[in-house]
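> Sequence and predicted model, in that order:
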Amino acid sequence: MILLVLLLTATQAGHAQRVLGEEKDGSCVCEVNSAIWAFPTAKYERVSELLEGCNATLQQLQTQVVTTNKELPKMQATVENITARKQRFKYLDTQGLYNPLHLRQVSDELQDLHQIISQADKDRPTAETQKLRKELQKIQKDVEEMYNNNTFNLEAVKEKLRYLNNRVQTCRTIPADFTSKGSCSHRIMSNISSPWITKLSPFGKSYISGAWGRDTSAGSEEKYWVQPLVNSHKSGYQIRYYPSFEDFMAGRNHRDEYVASSYTHTDAIQGPGTIMYDGVVYYQCYTTAELCSYNLKAKKNNRLKLPEAGANNKFPYCYYNCYDWTDIDLAADSEGLWVMYATDGNYGNMVLSRVNREGFNVTQTWKTRLFKRSVTNAFMVCGVLYATRYVDQYKEEVFYAFDTATGLEDNTLSLPLEKVSAGIANLHYNPTDMKLYMYNDGYLLSFQVFF
């Protein structure tokens with residue numbers, strides 16, 4: 001008998017069965033267990049389960065893709081909306097308000113302010129200067145904590161520095177006992193109402209600088225006007241006026257007048273200091289330290305030079321950031337037409353001149369000790385110059401008065417003045433209706449004045 005060895009490969013890869021056989025009747029006979037070649041039912045079932053799971057997962061992913069395709073436009077719209085809303089705060093990054101690299105700049109400002117306060121306390125020691133020193137020390141500690149904790153909310157610190165700087169400038173320029181006690185004391189304002197009118201400019205909110213009001217003259221018609229600035233909020237040449245209050249509120253029956261042929265013409269308007277008095281528009285002439293007038297009926301321009309007056313952002317109104325092109329400002333009250341500006345000869349402090357409308361010449365000038373860059377805006381009421389300062393985005397404070405009848409100043413006022421946005425382009429009083437008119441970042445506001 002011859003033994004044969006058969007090597008049979010099983011179904012499983014890499015496995016084999018070794019079978020012994022024998023020759024019998026001329027044939028090779030062996031016994032083989034065929035069970036190992038049976039159909040792999042268990043494995044098939046496992047694979048089937050995996051396949052079903054994959055199909056379910058694929059269907060779920062397909063559903064998510066369909067849903068995502070539907071939601072993606074909404075998400076994109078949301079991102080665009082958020083990006084647009086963040087754009088207005090981009091300056092916080094570009095100006096470094098939260099950038100640790102600018103902490104040194106704040107430290108330098110603290111040091112400068114410390115020197116100014118120390119000098120003011122040395123020259124004119126008062127309880128206010130002592131209080132300022134203590135508040136400055138607290139801010140210095142806050143900055144040190146910000147540096148140690150690596151948290152940089154520099155905007156809040158700069159706002160505090162601006163507020164302290166305004167107060168120390170007051171201490172330096174106005175004696176604490178220098179108050180108005182003359183013949184004009186009876187007409188000092190006692191309060192200002194909440195906004196009586198709050199209306200968007202008819203030209204749109206993008207026109208953030210300009211002026212508006214009612215024609216100042218008891219004998220003139222009830223005429224409301226709006227003057228927008230273009231050319232990067234620097235200049236303009238258009239005056240839109242309405243024949244009545246009802247027309248103004250409804251935005252109808254308006255008429256447009258042009259004081260020049262273009263907004264860069266020599267007779268064009270520069271800055272938001274415009275006023276209308278008895279049918280005549282008064283404003284700063286384009287790029288010069290001159291006053292222009294334009295008679296709406298006669299269609300005629302006149303000019304008046306202001307010797308030594310700062311122009312072209314030399315002495316603009318400021319609170320923390322300066323409001324461009326506000327070097328020369330006009331006002332009108334029951335005593336006539338006024339122009340407010342600053343000069344090198346008065347060390348950047350406010351100068352006030354009365355203008356004779358008939359001859360269009362300056363008849364009298366007063367020099368104040370109010371630093372023009374430390375105020376937000378100014379206006380005239382009954383021969384008294386008032387100045388405002390920034391409190392926050394929605395509030396101003398009338399803090400200063402200069403009485404032209406006595407030449408005395410008062411820095412003890414604290415009259416709140418509401419607003420709807422941070423920047424004030426124009427603020428003036430109208431004696432006809434005893435209201436203040438404000439151009440506030442594209443919004444038109446008016447307030448009732450109380451005495």
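Happy to help now that I have it.
> does Glu80 count as helix, strand or coil?
Using DSSP: H, G, I helix; E, B strand; the rest coil, the structure places Glu80 in helix.
> Same check on the one 3 residues further on?
Following three-state DSSP, Thr83 is assigned to helix.
> Do you know the pLDDT at it?
The score at Thr83 is 82. That number is its pLDDT.
> can you check Leu58 too?
So Leu58 comes in at 89 (pLDDT).
> where's it relative to Leu385, distance?
Distance, Leu58 to Leu385, by Cβ to Cβ, to the nearest Å: 79 Å. The C-beta positions use only the backbone N, C-alpha and C, and glycine is treated the same way.
> Neighbour count: the two, which is higher?
More crowded of Leu58 and Leu385, by other Cβ atoms under 10 Å: Leu385, with 23 against 10.
> Apart from its neighbours in sequence, what residue is nearest the more buried one?
Phe402 (4.1 Å; Cβ to Cβ, 6 or more residues apart in numbering).
> lowest confidence element among the helices and strands of this protein?
Of all helical and strand segments in the chain, the minimum by mean pLDDT, DSSP states H and E falls on strand 3-9, at a mean of 49.
> C-terminal to it, what's the next element?
Toward the C-terminal end, the helix or strand that comes next after strand 3-9 (DSSP states H and E) is strand 16-24.
> Give me the helices and strands touching that following strand, please.
Under the contact criterion of 3 or more Cβ pairs under 8 Å, 6 or more residues apart in numbering; DSSP states H and E, strand 16-24 touches strand 3-9, strand 27-30.
> element containing the closest residue to Lys367 other than its chain neighbours?
With Cβ to Cβ, 6+ apart as the criterion, Lys367 has its nearest non-adjacent residue at 4.9 Å, and that residue is Asn346. Following DSSP H and E, there is no helix or strand that holds Asn346.
> thinking Asn346 is in contact with Trp366, fair?
No. With contacts counted by Cβ atoms under 8 Å, Asn346 stays clear of Trp366, the gap being 10.1 Å.
> ok, these two, which is more surrounded?
Neighbours per residue (other Cβ under 10 Å) separate Asn346 from Trp366, with Asn346 holding more: 20 against 15.
> Next, the buried residues of the helix or strand where the residue nearest to Leu385 lies.
Using DSSP H and E, Phe402 maps to strand 395-403. Using 16 or more other Cβ atoms under 10 Å as the test for burial, strand 395-403 gives Glu396, Glu397, Val398, Phe399, Tyr400, Ala401, Phe402, Asp403.
> Quick one: distance of the top strand by length along the chain to the chain centre.
Of all the segments of type strand in the chain, defined by DSSP state E, the longest one is strand 361-371. Counting by Cα atoms, centre = their mean, to the nearest Å, strand 361-371 is centred 31 Å from the centre of its parent chain.
> how much space between the residue nearest to Lys367 and Asn356?
As judged by Cβ to Cβ, Asn346 and Asn356 stand 22 Å apart.
> repeat for Asp267
Asp267 sits 21 Å away from Asn356, going by Cβ to Cβ.
> Kindly report the same for Glu80.
Distance of Glu80 to Asn356, given as Cβ to Cβ: 56 Å.
> in the stretch 351-451 of the chain, which spans are strands?
With DSSP state E, counting those that start in this stretch, the ranges of strands along the stretch 351-451 of the chain come out as 361-371, 377-381, 384-392, 395-403, 408-410, 415-418, 426-430, 435-440, 443-450.
> out of the ones you listed, nearest to Glu45?
strand 384-392 (73.2 Å; Cβ to Cβ).
> show me what contacts Ser235?
For Ser235, the contact set (Cβ atoms under 8 Å, 6 or more residues apart in numbering) comprises Leu229, Tyr263, Thr264, Ala268, Ile269, Gln270, Gly271, Tyr286, Trp325.
> The fourth one contacts Tyr286, correct?
Looking back up the chat, that one is Ala268. Yes. Using Cβ under 8 Å, Ala268 is in contact with Tyr286, at 4.2 Å.
> pLDDT weak spots in the stretch 1-150 of the chain?
For the stretch 1-150 of the chain, the stretches with pLDDT under 70 are 1-17, 32-39, 88-104, 147, 149-150.
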